[in-house]
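Participant: next one to model:
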Amino acid sequence: MRNQKLYKITFLHLGKCYELYARHVASSSLWGFTEVGDLVFEPVGEGLVVDPTEERLREEFKDTRVLHLPMQSVVRIEEVDRKGTLAIRDAADGQKVTPFPMPPRNR
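Facilitator: Below you'll find the model as predicted:
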C-alpha cells in the first residue's frame, strides 16, 4: 500500500472548510472542476475512540464515488505520506466546527 499516492484535499463548501483524504485527484472531464475519488476513511471498528468529525464526513460522503469540486472552491491539494485527522472548519476564522449540537455560550 505504500506505493499508492495519498492526497489531502482542502476545499470550501457552504461557509465551511473541509479537509478530506483521497487516493485519486485529477482534472475532471467537466470543465472547471477537479475530480477527487477513492476517499479514505479509517475502517469502521478500528480502535475504541470514535472521531465524530470522521463519522459525519463518512455519513455525508457514504455513496460518493467521485467528487467533482469547482476549481475555485479548492484551497489546496497536498500529496502526503500518511492520513491525519479529518476536519471541518469555519471558513471565516479557521476554528474547527463541532459536528454535534453544543449549547450556546454565555457572553
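Participant: all contacts plus neighbour counts: C-alpha atoms, from now on.
Facilitator: Noted.
Participant: against residue 51, how distant is the nearest residue to residue 37 once chain neighbours are set aside?
Facilitator: Once flanking residues are discounted, residue 37 sits nearest to residue 66: 4.4 Å by Cα to Cα, 6 or more residues apart in numbering. Here the criterion is Cα to Cα, to the nearest Å. By it, residue 66 lies 23 Å from residue 51.
Participant: just the helices from the chain, written as ranges.
Facilitator: In chain order, the chain shows helices spanning 52-60, with DSSP state H as the criterion.
Participant: residue 15: neighbour count?
Facilitator: Number of residues near residue 15 (other Cα atoms under 10 Å) recorded here: 10.
Participant: pLDDT value on it, please?
Facilitator: The per-residue pLDDT reported for residue 15 equals 88.
Participant: residue 69 versus that one, what's the distance?
Facilitator: Using Cα to Cα, we find residue 15 at a distance of 15 Å from residue 69.
Participant: please apply the same query to residue 19.
Facilitator: Computed with Cα to Cα, the distance linking residue 19 and residue 69 is 13 Å.
Participant: residue 31 now?
Facilitator: Where residue 69 is concerned, residue 31 sits at a distance of 11 Å (Cα to Cα).
Participant: those two - which one has more neighbours?
Facilitator: When residue 31 and residue 69 are compared for neighbours, residue 69 comes out ahead with 19 against 9, by other Cα under 10 Å.
Participant: now do the contacts for that one.
Facilitator: Residues in contact with residue 69, defined by Cα atoms under 8 Å, 6 or more residues apart in numbering, are 33, 34, 35, 36.
Participant: derive a ChimeraX selection command for the buried subset of those residues.
Facilitator: Once 16 or more other Cα atoms under 10 Å is used to decide burial, the buried members of the contacts of residue 69 can be selected in ChimeraX as follows:
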select :33,34,35,36
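Participant: need the contacts of residue 69 in CSV (columns: distance to residue 11).
Facilitator: As requested, these are arranged in CSV below (distance: Cα to Cα, whole Å):
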residue, distance to residue 11
33, 12
34, 11
35, 12
36, 11
